[in-house]
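>>> Got a predicted model here, sequence first, then my questions.
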Amino acid sequence: MDLKSTAMLDAALSNALQLRWVQSMPSQLLFQYDWVQDARFQAKIEYCHDFFLLKISTGLGGITEKLWCRVSKDCLSRVEKLTKTTLIWVILHETSHFDLGHFKLATCFRLAQRASLIEPIDALQCDVPAFAPLCLELQADHEASELLLGIYSIDAWKELCEKVLAISGTMMLIELEDVKNGAEGRTHPKAATRIFQLLGHLSEMPLIRAQLNQDASLIPHEEELQAFAHEVTIPCFFDAIQLAQAAGAVSIANDLGSPENFFKDLEIAKLGDPSRYVELKTEGAREWAKLWPCNEALKPILGGHFKT
């Protein structure tokens, strides 16, 4: 057994569970875990009658570590931190399938392989039920990213950039693995789509407290909002472009598009007006818009946590 990888997974699991506890996630999640000696990039969570089983390959940590070694120029402390952050996000992503009620529609979710939905998917009242698996993955992405990024603080901008980098890298590795698997039909969104959603959430973080409390006085000053955009949101986009190049994923960089088009697309998405989605220019934003009707149709079907 790869002791280094299992130790990293143990530490990541402990941190992920702590994040769930601190942010009051459901206590009903009873699961066992299994770190599998396997060089491949694999993770899944499945329902086993009266508990959930989380399985992650030791290779997931190793493959991730290689990416961060290329990006971090052998700064071992940074490589270790980014690898651990990646593993925490993966665990949060997989357990989020439970939190969001996804096990009403499937018995197993895999990080980078096809997963079959069960009968209730036929109840979807929309024209694009085939998009449902991609929507479930985007929902789990958002939940996991919210948990990992935490509450906005002006003192945590640098740490926020590193967390977003780790999440973006994971999304790219998932797409590269999907391509390698060569499965017919995608059950995971494009990495660019996932990053588009991630940076959309990131850009809104300074406003979330005011939105939740419906109190405009909690909105930071304009100078702080501008500084956040220039020191966090925009650099995180360029980090993603450089990361795609380092990972040998030119197609992902192309899907992200130019900074001008990407951030214009973000502004259109924030308006929440579907009639303007025809104006979207980047591939990630276009896929996000294509999935939007299905995602809305899923909400009343999922409606809460999984019940045995």
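It's in.
>>> all helices of the stretch 1-150 of the chain, in order?
3-22, 58-72, 76-99, 132-149 (DSSP state H, counting those that start in this stretch).
>>> Save those as CSV, and put in mean pLDDT, distance to Ser203 and mean neighbour count too.
Placement of C-beta: from N, CA and C, glycine included. What follows is those, written out as CSV (pLDDT from 0 to 100; distance: least, Cβ to Cβ, whole Å; neighbours: other Cβ atoms under 10 Å):
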stretch, mean pLDDT, distance to Ser203, mean neighbour count
helix 3-22, 91, 22, 16
helix 58-72, 93, 23, 20
helix 76-99, 95, 19, 22
helix 132-149, 94, 12, 22
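>>> Make JSON lines from those helices and add distance to Gln226 to it.
What follows is these, written out as JSON lines (distance: least, Cβ to Cβ, whole Å):
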{"stretch": "helix 3-22", "distance to Gln226": "30"}
{"stretch": "helix 58-72", "distance to Gln226": "28"}
{"stretch": "helix 76-99", "distance to Gln226": "27"}
{"stretch": "helix 132-149", "distance to Gln226": "20"}
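>>> closest one to Tyr47 among those?
Distance to Tyr47, taken as Cβ to Cβ, is lowest for helix 76-99 among the helices of the stretch 1-150 of the chain, at 8.5 Å.
>>> Show me what that closest one is packed up against.
helix 3-22, strand 43-47, strand 52-57, helix 58-72, helix 132-149, helix 157-181 (3 or more Cβ pairs under 8 Å, 6 or more residues apart in numbering; DSSP states H and E).
>>> Please list all residues in contact with the closest residue to Ile208 other than its chain neighbours.
Nearest residue to Ile208, sequence neighbours excluded (Cβ to Cβ, 6 or more residues apart in numbering): Tyr152, at 6.4 Å. Shown in contact with Tyr152 (Cβ atoms under 8 Å, 6 or more residues apart in numbering): 205-206, 208-209.
>>> Check those for burial and list the buried ones.
By neighbour count, with 16 or more other Cβ atoms under 10 Å, those hold 205-206 as buried.
>>> ok, so of the contacts of Tyr152, who is nearest Val250?
Met205 (29.7 Å).
>>> I figured the closest one was touching Leu149, is that so?
Yes: Met205 lies in contact with Leu149 (Cβ atoms under 8 Å); the separation is 7.0 Å.
>>> any idea how far Ser203 is from the residue in the chain sticking out farthest from the centre?
What lies farthest from the middle of the chain is Ser217; by Cα atoms, centre = their mean that is 30.6 Å. Note on Ser217: its distance to Ser203, by Cβ to Cβ, to the nearest Å, is 21 Å.
>>> With Glu283 instead?
In terms of Cβ to Cβ, Glu283 sits 19 Å off from Ser203.
>>> For the two, indicate the residue with more neighbours.
Comparing Glu283 with Ser203 by other Cβ atoms under 10 Å, the one with more neighbours is Ser203, at 21 against 18.
>>> how about the nearest residue in space to that one that is not next to it in sequence, what does it touch?
Among residues not flanking Ser203 along the chain, Thr233 sits closest, at 4.8 Å (Cβ to Cβ, 6+ apart). Residues in contact with Thr233 (Cβ under 8 Å, 6+ apart) are 199, 202-203.
>>> right, and Glu146 touches Leu202 too?
No: using Cβ under 8 Å, Glu146 is not in contact with Leu202, being 10.6 Å away.
>>> Common neighbours of Met205 and Leu149, please.
Leu160.
>>> before we move on, back to that, roughly how far does the residue farthest from the centre of the chain sit from Thr170?
37 Å.
>>> Please apply the same query to Asn254.
Asn254 sits 20 Å away from Thr170, going by Cβ to Cβ.
>>> who has more neighbours, those two?
Thr170 (24 against 13).
>>> rewinding a little: ok, the contacts of Tyr152 vs Glu222, which is closest?
Pro206 (10.8 Å).
>>> just checking, what packs against the one helix or strand that closest one maps to?
Element membership for Pro206, per DSSP states H and E: helix 191-213. Applying 3+ Cβ pairs under 8 Å, 6+ apart, one finds that helix 191-213 contacts helix 132-149, helix 157-181, helix 222-228, helix 234-246, helix 250-256, helix 259-271, helix 283-302.
>>> Tell me which of those sits nearest to Thr86.
Per Cβ to Cβ, nearest to Thr86 of those: helix 157-181, 4.9 Å.
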